[in-house]
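S.K.: Model the following, please.
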Amino acid sequence: MNMNEHEPERNEPGPDPDLGTVKRVLEAALLSSGEPLTVQQLKRLFAGEVDADNIRKVLDQLKDEWAERSIELTPVASGWRFRVKPDYQKFLDRISNEKPPRYSRAVLETLAIIAYRQPVTRGDIEDVRGVAVSPPTLNALMERGWVEIIGHRETPGRPAIFATTRKFLDDLNLRTLEELPALEELQSALEAAPVLTPPTEASDTEQVNAG
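M.R.: Here you go, the predicted model:
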């Protein structure tokens with residue numbers, strides 16, 4: 001009798017996943033996710049069998065494949081995601097129950113100052129705008145997830161220091177602050193951002209003063 005017949009079978013490592021399969025899995029994961037996914041998160045789909053370089057390679061291939069479609073794959077600050085191209089979003093808005101938020105001049109000016117001059121305090125914003133910044137304006141931006149307090153300045157009163165968030169970059173489809181559009185293009189970029197919770201409008205008094 002061959003003694004080897006009764007030896008337990010050894011588990012041999014399986015073959016590396018086919019890159020075509022990797023592409024379809026990444027596509028499915030990204031299309032089904034409501035949030036951007038990082039390369040590290042996407043690696044976990046393959047239990048360590050696909051390295052980060054191959055993940056990035058396949059993501060670039062997917063990006064090229066979807067380039068001419070109404071939906072595009074794009075890298076943003078928090079990872080990779082699919083999104084409807086702005087040229088087509090206006091059609092989808094016609095059947096959506098969510099109305100695009102309309103931002104007051106006060107909110108837009110405050111956000112622009114924070115985005116292009118950060119980190120800033122409320123006093124810094126008021127120095128640039130020339131008018132007082134009402135609490136509802138800053139609260140609207142923080143509730144929207146676009147602005148956060150990152151610390152306090154070591155001056156009398158220790159005023160809060162504001163900066164934009166990673167979500168702000170994600171919603172503008174950007175990876176870094178260096179990719180921010182020109183100031184005059186910021187409003188149209190914000191209007192094309194995904195709608196979640198429309199921000200509260202600033203007070204009428206501030207809007208009049210800002211005008």
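S.K.: Just after the helix or strand encompassing residue 80, pick out the following helix or strand.
M.R.: Following DSSP states H and E, one finds residue 80 within strand 79-84. Note on strand 79-84: by DSSP H and E, the next helix or strand toward the C-terminus is helix 86-92.
S.K.: how about that following helix as PDB, C-alpha atoms only?
M.R.: Output of helix 86-92 as PDB, limited to C-alpha atoms (Å, rounded to 0.1, in the frame of the first residue of the first chain):
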ATOM      1  CA  PRO A  86     -22.300  67.500 -14.300                       C
ATOM      2  CA  ASP A  87     -23.600  67.800 -17.900                       C
ATOM      3  CA  TYR A  88     -26.000  64.900 -17.100                       C
ATOM      4  CA  GLN A  89     -26.900  65.700 -13.500                       C
ATOM      5  CA  LYS A  90     -29.200  68.500 -14.600                       C
ATOM      6  CA  PHE A  91     -31.500  65.900 -16.200                       C
ATOM      7  CA  LEU A  92     -31.500  63.700 -13.100                       C
END
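S.K.: domains for the chain, by residue range?
M.R.: With domains defined by automatic domain parsing, the chain comprises 19-89, 105-210.
S.K.: Deepest in the core, which of the ones you listed is it.
M.R.: Ranked by mean neighbour count under mean count of other Cβ atoms under 10 Å, those are led by domain 105-210, which reaches a mean of 17. C-betas here are computed from N, CA, C, even on glycine.
S.K.: for the record, mean pLDDT for that one?
M.R.: Across domain 105-210, the average pLDDT comes to 82.
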